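Undergrad: got a structure for you, letters missing:
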Ligand code: TYD
């Protein structure tokens, strides 16, 4: 459910010349990272996401700027505003997600447990609801 989607604070290494946050497999996040991608140059007013995954686990960070992530398990919706590079949201499989309210220059960094596979996507909301009923 969406209550398994947790907002997590990541460790920070502070320095007057700039801070560092590291994310390690098996430490800060509960899966092996197989793929990293990032979403950028999102025009004002655009929304992204609008799908769920069957098996993929993800950890999502606003590496720069801010955006909202709306998570929905078919029954309950939760919205997180990500606006700090040391905060992230863990998204387990079977969660419909939408991203919106991107600030200009926002970078959405996504750490993923699996390589890209279109077969893992559920891209239609009605199909998602059917899939959740059958689980
Ligand atoms: P998608 O995950 O639908 O984007 P978003 O959730 O941000 O709206 O991906 C859009 C397209 O990008 C998809 O049809 C194929 C391509 N893509 C890849 O080739 N590799 C990837 O790792 C990702 C995430 C997407």
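TA: Received, thanks. Note that this is a predicted model, so its numbers are computed, not measured.
Undergrad: what sits against residue 96?
TA: The contact partners of residue 96, by C-beta atoms under 8 Å, 6 or more residues apart in numbering, come to 50-52, 71-74, 122, 125, 128. Just so you know, the C-beta spots here come from the backbone N, C-alpha and C atoms, and that holds for glycine as well.
Undergrad: got a list of what the spatially most central residue of the chain touches?
TA: By C-alpha atoms, centre = their mean, the chain has its centre lying nearest to residue 60, at 3.3 Å. For residue 60, the contact set (C-beta under 8 Å, 6+ apart) comprises 69, 82, 88-89, 91, 108-111.
Undergrad: looking at those residues, which are in strands?
TA: 69, 82, 88-89, 91, 108-111 (DSSP state E).
Undergrad: looking at the residues you listed, spot the one nearest residue 38.
TA: residue 109 (4.9 Å; C-beta to C-beta).
Undergrad: so which bits of stretch 115-128 are buried?
TA: By neighbour count with 16 or more other C-beta atoms under 10 Å, stretch 115-128 contains the buried residues 120, 122, 128.
Undergrad: tabulate these in JSON lines, adding columns for distance to residue 14.
TA: Putting those into JSON lines (distance: C-beta to C-beta, whole Å) gives the following:
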{"residue": "120", "distance to residue 14": "38"}
{"residue": "122", "distance to residue 14": "41"}
{"residue": "128", "distance to residue 14": "41"}
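Undergrad: now, the residues you listed that are in strands?
TA: residue 122.
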